[in-house]
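In: return atomic coordinates for the entry below.
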Amino acid sequence: MRREIWLPHPDGSKELYIPRARLHPFPPKVAGNPEPVREVDAAVHVVINPNYSGPSTPPFELDIIDWKTTAQIREYIWNAGLGVADGMDTAQRDHLPRRHVEYLLRQTAEQANGRRWYFGAGTDEITTDNPTNAEIAQAYIKQMLQIQRLGGKVAIFPSPYLAGRSEEDYLGVFREINTAAEGPLLLHWLGEVFNPKMKDYFPGNSFYRIMEMENFESTKLSLLDAEREIEIRRHLAKIGKVVKTGDDFHYVELIEGTDEPIGEGVYESAGHRYPIGDYSHALLGCMSTIEDVAGYALDALAVNDKRLYRRWLEPTVPLSHWVFQTPTAAYKHGVAMVAQLRGKQDNDLLLPNNPNRRDLWHKITLFRLMDAAGLFSTEEQAYEAYRRHLVPYLN
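Out: Have a look, this model is predicted:
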């Protein structure tokens, strides 16, 4: 006898829901471990400790984070064949105290054990309202060198202190960063849809001029503008640099790319060599919600089965749209919800000073879209997610 899932509608009616696993067979998986043709990293989140009893406003105690479960989230990503990107905005970086960021950095470095990982370097240690360009550069450099000396790859975050400054100001700051770097860098361009303070970031031609600097090997574009990203990646390919898409809406087609012979040389990273071409690599928050399905899709792409790649990955797009809908900053709560519904953590909490939450109706739709995306591989998984994390709020 099958156990039943009854999902409510806002008008008070209920629907008998049939999980995908009963209705549709899943696509086949590629055998073996094919050599990857794209470098894809998932921006991971921190898990909140529901039993935390310390201050509810900063400075928090360290145990506001469930560090054991946070570490396990990384293992899901690495086990799926993706890289881990930690200390990013997905980890509520804007709300996380500096002490916690440093602990997160050390924990990620120790756990990685040779596996690929990125970490964000920013200017969140600055305490003055109007720092000088030199102070901004030194804040970046301090964090950058910490990450590189622990074996991580560095994502240079956008800084609110640079917003509104001139092209020459940007170039002065980034020249200092480039000179001090002890390894390759990723330049993170966060669009205003994610953070309104980033409007008009990289004034003039500053972005391209920074990307011409020796140590900036790649960029993460979180602009949610596929046409602009394609234009940028084709420009950068000509100088041997690559784009890692941060576009949680158009990632399927951006990662697939085209066979156009654009650019020369290779992008070398973590023991792999990727020919420069008309496609994007990826560093995405949505990948932390779909890492196993994404892994199957990337294996298909690795053997040039683009149809199978799309069969796996296209059903995840409506889920990502739902998680990253406006207000886009609330996507972090969606990421925690997905992890909870998949049984990876026991709550969907955010830090107490982060107001960007979704409601129960958001979660009910999330459940449907997760199932359609193939995140519940059996009926039993779908039922358990419903029983444990929806039923208590529906009765």
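In: residue 219 belongs to a strand?
Out: Yes. Per DSSP: H, G, I helix; E, B strand; the rest coil, residue 219 lies within a strand segment.
In: what's the burial count for it?
Out: The tally of other residues near residue 219 (other Cβ atoms under 10 Å) stands at 26. (Glycine included, C-beta is placed from N, CA and C.)
In: now do it, the pLDDT please.
Out: On pLDDT, residue 219 comes in at 98.
In: tell me how far it lies from residue 127.
Out: Here residue 219 is placed at a distance of 29 Å from residue 127 (Cβ to Cβ, to the nearest Å).
In: all helices for the stretch 1-150 of the chain, in order.
Out: For the stretch 1-150 of the chain, the helices defined by DSSP state H, counting those that start in this stretch occupy 20-23, 67-79, 98-112, 133-149.
In: switch these over to TSV; also include mean pLDDT, mean neighbour count and distance to residue 327.
Out: Converted to TSV, these look like this (pLDDT from 0 to 100; neighbours: other Cβ atoms under 10 Å; distance: least, Cβ to Cβ, whole Å):
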stretch	mean pLDDT	mean neighbour count	distance to residue 327
helix 20-23	94	14	29
helix 67-79	98	17	24
helix 98-112	97	17	24
helix 133-149	98	19	28
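In: how about those helices in a markdown table, adding distance to residue 286?
Out: Listed next are those as a markdown table, based on distance: least, Cβ to Cβ, whole Å:
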| stretch | distance to residue 286 |
| --- | --- |
| helix 20-23 | 19 |
| helix 67-79 | 12 |
| helix 98-112 | 20 |
| helix 133-149 | 23 |
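In: would you tell me which of the ones you listed gets closest to residue 377?
Out: For these, proximity to residue 377 was assessed by Cβ to Cβ; helix 20-23 is nearest, at 6.4 Å.
In: contact partners of the closest one?
Out: Residues from elsewhere that reach helix 20-23 (Cβ atoms under 8 Å, 6 or more residues apart in numbering): 2, 371-372, 374, 376-379, 381-382.
In: mind listing which of those are in helices?
Out: Judged by DSSP state H, the contacts of helix 20-23 include 371-372, 379, 381-382 as members of helices.
In: of the contacts of helix 20-23, which count as buried by neighbour count?
Out: Among these, those classed as buried by 16 or more other Cβ atoms under 10 Å are 371-372, 374, 376, 379, 381-382.
In: format those as CSV; extra columns: pLDDT.
Out: What follows is the buried ones among the contacts of helix 20-23, written out as CSV (pLDDT from 0 to 100):
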residue, pLDDT
371, 98
372, 98
374, 97
376, 98
379, 95
381, 97
382, 97
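In: closest one to residue 81 out of those, please.
Out: When the buried ones among the contacts of helix 20-23 are compared against residue 81 (criterion: Cβ to Cβ), the nearest one is residue 374, at 16.4 Å.
In: the closest residue in space to residue 150 that isn't next to it in sequence and residue 77, how far apart?
Out: Distances taken as Cβ to Cβ, 6 or more residues apart in numbering place residue 109 nearest to residue 150, at 3.9 Å, with adjacent residues excluded. Using Cβ to Cβ, one gets 15 Å for the distance from residue 109 to residue 77.
In: count of neighbours near residue 305?
Out: 17.
In: that one touches residue 30, doesn't it?
Out: Yes. The criterion here is Cβ atoms under 8 Å, and residue 305 meets it with residue 30 at 7.2 Å.
In: and the residue nearest the centre of the chain, what's its pLDDT?
Out: Residue closest to the average C-alpha location in the chain (Cα atoms, centre = their mean): residue 285, at 2.3 Å. In this model, residue 285 is scored at 97, pLDDT.
In: surely residue 215 is in contact with residue 181?
Out: Yes. With contact defined as Cβ under 8 Å, residue 215 reaches residue 181; the gap is 4.2 Å.
In: what sits in contact with each of these two?
Out: By Cβ under 8 Å, 6+ apart, residue 215 and residue 181 have no common neighbours.
In: helices of the stretch 201-350 of the chain, start to end?
Out: Under the criterion DSSP H, counting those that start in this stretch, the stretch 201-350 of the chain contains helices at 206-211, 226-237, 251-256, 291-302, 306-313, 317-323, 331-341.
In: hmm, who's touching the first one?
Out: What that stands for is helix 206-211. With contact meaning Cβ under 8 Å, 6+ apart, helix 206-211 is reached by 167, 170-171, 174, 178, 187, 189, 202, 216, 219, 235-236, 239, 241.
In: can you select the buried ones from the residues you listed in ChimeraX?
Out: Buried members of those, defined by 16+ other Cβ under 10 Å, are picked up in ChimeraX with:
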select :170,171,174,178,187,189,202,216,219,235,236,241
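In: so what sits opposite residue 218 in the bridge?
Out: Judged by DSSP bridges, the bridge partners of residue 218 are residue 186, residue 242.
In: when you give positions from now on, start the count at 36
Out: Happy to do that; since the first residue is 36 now, the last one works out to residue 253.
In: residue 398 touches residue 429, doesn't it?
Out: No. If you go by Cβ under 8 Å, residue 398 and residue 429 don't touch, sitting 10.5 Å apart.
In: fine by me, thanks again.
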